[in-house]
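**Q** I'll drop the sequence and a predicted model, then ask my questions.
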Amino acid sequence: MGLRPSRGVRLVASGALLLITAPLLALYAWLPIAAFAERTVGLRPEGFTLEHWRRLLEPLGGETLLGALARSLVLSSLYCLLLLAAVVPAAYALSRLSLPGRRALLVLFLLLHAFPTLSLLVGVYQVLRWFGLYDSLLGVALIKAASEVSLGVWVLKGFFDRIPWEMEAAALVDGGSRWLAFRRICLPLARPGLLAVGAFGFLSGWNEFLLPYLFLPSSSQWTLPVYVRALIADFRFVDYGVVAAASLVYAAPPLALFALGQRYLLRVYSLGGRVQAQ
Amino acid sequence: MIEAWTRLVAAAPRPAALGRRWLGPLMCIPALALVTAFLVAPAALTLHISMTDMSLSTLGSVQWVGLENYRRLLSRPELPKIALNTLLFVGVNLVIFNLFLPLAVATLTAAWEERLGRLVRPLWLLPRVTPSVVYALLWVWLTAPAPYGTLNQLLAPLGVGGGSWLLSYPWPVVIVADGLVGTSFATILFSAAIRAVPRELWLAAAADGASYWQTFRYVVLPLLRWPIMFVATYQGLSLLASFEFVLLLTNGGPGLWQTEVWSLYAYHQAFSYYTGGLQMGYGAAIASLLVGFGAVASLVALRLFRFAELTAEPRLRAV
Amino acid sequence: MRRIAIVLLGLAVAVLLVACRGGREPAPQMQRAPGQVQIVTITAWAGGNPQTERGRIGMLEKAAERLNAQLEREGSNVRVRVEGILDTSGDMARKFVLAAQAGQAPDIVNSSHADIAAWAQAGFIVPLDQYIAKYRDGTDLKDIIPNLWEPMRFRGATWAVPQDTEARPLYFSKPLLRRLGWSESDIEALPDRIRNGQFTLYDMLRVAKEAQDRGVVRPGYGYWTRPVFGDNYWGGDFYQFYVAFGGSLWDPQSGRLTVDREALRKFFQFHHDAIFGYGVTARTVIGGTEWKQWHETVSRGDQVLFWNGGVWQWAEWAQGYLGGDEGRLWDNVGFALIPAGEPGRRPTTLSHPLAYMVTSEKASGRRNQELAFRLIALATSPDLNSEYAVQSKHLAILRTQLNDPTYTRDRFLAATSYMVEHAFFLPNNPDYGRFDATLGRVLLALAAGQLNVDQAVERAIADLQSAVPELVVR
């Protein structure tokens, strides 16, 4: 019977898997422990304290944690909306409409991945300057959206591709326009995809560090990652308890989103079910 | 059934309202505008700046220098080291953490132990959803010197270690940390692909007397060719350009150029004030070479994947 | 679906409005209302250690109160408000340049005087001579120690007001010297011997080696330079050793950068000897030590025998690493000038003043230059500066501070103030940054064992000549 290998192999492999998963546990376990302990020796806490949380409320470099938190929220929401606004129509068009240059566009969106924003920061800076968007959350959101549009289009296209033609045809037969079919039929049917890309977008905006670090200099524009990073300034003694507490606050939303919306995120990472054995 | 519907559609009255020829391009405009202004324009500008001498000491009087920056780059003594670092970083990461490990985990959890998969998969996805700053911090703490570091705490009974693992073995730590982030992506892809293999194929092979491994090797693996190549290209490109974790963990150190990868080198030269002198022109040249290499690699990959299969025309055409 | 769309749209509009505001208030920043007070926000950026050097912004904030009082007395209805950020120096400098190019720089920036050349050349900061002339006599600016104006000058104009200064001593461990067999009077006499040129750099290496050989210190802990991690390098401290061998970095008359072959060779030789010849400097110090680790080790006072640091670090160690126990530092740590390189030369130290600069309209998009200058002038007062100096262990910039009890009472500052007489300053030349980075790469390669001394000298001169076209090689 060749459906599964022998029991022994499976056991060993499972054991190996658990073994390499354990470090991940050790990695993440430290965060909540350190946020509430006076000192930690590895994973062992020494002394319970809420001092770190109190310190978090003090301003750092002229900015507070709550301010950074609010701005991260704004950036993530803005980014999510921008991404969806750009990706949804394009994905539908590329999936369901016959438009000139369709193939070229698809190739373009795939090739764009070869132009990572991270490598183009010098040019990005000039463009932001030109648009007057240096030191603005909108600027960062636009740059990021441009870099992740291609992934979004391909993922959402995958979702649109799976909508049966019959359903869209039904709307047309009833005398509606293509646009109506899009709004009334395809969008609702693609809602899992929309939620997936939206969740992914929000998460991506929340986690973005380098762009705000470089292009949002005034601390009145700091987002959470820049704030947390500033806590770990490179030459002074770092109070890891405070850093852990701040990190917990920062990492909580993505982890929560992940716990609740795992299904959707998994869909994005599986490219909307695009992947099939061929 | 399909024929019936198609006939019905063909007989339906022409839809009015939005001109149908416009709709497609119109819907693509937001994405295209975004990409043109904020991705293509920066790319062009980066290339342009790479041929100037823009840096801290030339602000206000930037001049065109042609290929001077490239010439300078190619004569730098540290270039071989940086190229090697990049090869090491991308290569090891790709092969172990984006191909081998995900394949192993996917096989194990998708094909063998479903329940284990449900337990383990969320954990493996964690690095990807954790903010990079926090993730790097967790690794710093894990590898910190005794008595702080968790790794040292766990290994203490064995009498091993005591120093900072990150500083003593920067490459392994950086590769593992960065690798785990990518593993989840490939694992999910491979899991889906493995599960999509029709059960009939397994049974047929089994009926022919093939062992599990033979089936896997000659039946399943070939069917995974597309996901594997996709991951190799996509993640390969990502790894080539990414430097965020190296920046956060070792910043290219501890020794001179020790963990400096190409993309980080470009970033340092362009954006480091004191050690780089904000040499945007030079940094842009370094980055342009990288992007050029990536673009060529993408094109080659596209040819290899028989791209046509992905771009099949939609069925409802003229409407 | 429709309702959701409307809500989302509304949210989008709201978010866009918030986000579009950008990082600063729009250009017309004065609210005009006849007869009413106009509040001008002066933004200021500084780099430094948040624990000890917050005063760089704090002094401006306190000066704002005084300025407002003055403005009221003058009958003006303008008032100022300071918005300041303190960042890490490297980050702050980069941010400043990017922001200045985008027309969004702050009104005041506090940074190394060595940045003046590049920023002035780029048009980011304004010359202050006219303001100094206007406000000098009415403020404490007239009491600034005269030779501190030198590093503020570039191409014939003055571009900045000194904010603090320092010296960079050679620190040594008293308990380790004792263990080596030195008597108390030997230890007490060491700074003077260095000052008189009787104890040279190689004497130091010899003592360090002896200590290592006798097991008083661990190998590689005999002499520690400033730490370098990756290519995160800043050469000022290292060049003290080049100067100690008679080298000079520039010719102030012509403004051109210089490099003296012989001194450069001895500079490289010294570091090579320290790491490889005598083996008293661990390779990892120059090849992979972070500031945190370095501070933690040296501040204990009984781990490293000699190390090269800065006077302000005394405050960082006391407050950041020893929990406020400055007494422990006095018990364990001594300090002196950087010894002369060889007999016949003089000891030296680097003094690296930081200064307040006023940004140009092109850089900041605003016209608050005069107000900003007045703020700076008021921040430069003996009481404010002494408070800052004592807290952060920086040296005085005003003559009047030398009579200020707050300042004179500080034991450490009193004990180190003689050092500025032996100090040199870094060049004010736009290419200095490139010079520094280039020379640094060669030094780091030497320290990593990739180059020997001869190769280092040749490579350094070749690289420097190509990086700095106007270099003078002597």
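**A** On my side now, so go ahead.

**Q** tell me how many other residues crowd residue B:249.
**A** Residue B:249: 22 surrounding residues under other CB atoms under 10 Å in any protein chain shown. Any C-beta I mention is one placed from the backbone N, CA and C, and that applies to glycine too.

**Q** what's the weakest-modelled helix or strand in the chain?
**A** Using chain A. helix A:178-180 (a mean of 76; mean pLDDT, DSSP states H and E).

**Q** quick one: it near chain B?
**A** Yes - contact of helix A:178-180 with chain B (CB under 8 Å from any CB of the partner chain) involves A:178, A:179, A:180.

**Q** which residues of the stretch 101-250 of chain C fall in strands?
**A** Counting by DSSP state E, counting those that start in this stretch, the stretch 101-250 of chain C has strands at residues C:108-112, C:153-154, C:157-158, C:161-164, C:170-173, C:223-224, C:250-251.

**Q** figure out which of those strands is closest to residue C:288.
**A** Residue C:288 sits nearest to strand C:223-224 of all the strands of the stretch 101-250 of chain C, at 13.1 Å, using CB to CB.

**Q** sorry, back to before: what packs against the least confident helix or strand of chain A?
**A** helix B:20-35 (3 or more CB pairs under 8 Å, 6 or more residues apart in numbering or on different chains; DSSP states H and E).

**Q** which parts of the helix it packs on are buried?
**A** Across helix B:20-35, burial judged by 16 or more other CB atoms under 10 Å in any protein chain shown covers B:20, B:23, B:24, B:25, B:26, B:27, B:28, B:30, B:31, B:32, B:34, B:35.

**Q** who's in contact with that helix?
**A** Outside helix B:20-35, the residues within contact range by CB atoms under 8 Å, 6 or more residues apart in numbering or on different chains are A:82, A:85-87, A:89-90, A:92-94, A:97-100, A:102, A:105, A:112, A:142, A:145-146, A:149-150, A:153, A:177-179, B:319.

**Q** can you do 6 Å?
**A** With CB atoms under 6 Å, 6 or more residues apart in numbering or on different chains as the test, helix B:20-35 has contacts from A:85, A:86, A:89, A:90, A:93, A:97, A:99, A:145, A:146, A:149, A:178.

**Q** now, these that are in helices?
**A** Among the contacts of helix B:20-35, the members falling in helices (DSSP state H) are A:85, A:86, A:89, A:90, A:93, A:145, A:146, A:149, A:178.

**Q** the residue nearest to residue B:155 when sequence neighbours are not counted sits in which helix or strand?
**A** Sequence neighbours aside, residue B:161 is the residue nearest to residue B:155 in space, at 5.2 Å (criterion: CB to CB, 6 or more residues apart in numbering or on different chains). Using DSSP states H and E, residue B:161 sits in no helix or strand.

**Q** pLDDT score assigned to residue B:161?
**A** Residue B:161 is assigned a pLDDT of 70 by the prediction.

**Q** which stretches of chain A have low pLDDT?
**A** Along chain A, the parts satisfying pLDDT under 70 run over A:1-3, A:60-62, A:219, A:233-238, A:263-278.

**Q** residue nearest the centroid of it?
**A** The centroid of chain A falls nearest to residue A:204 when counting by CA atoms, centre = their mean (2.1 Å).
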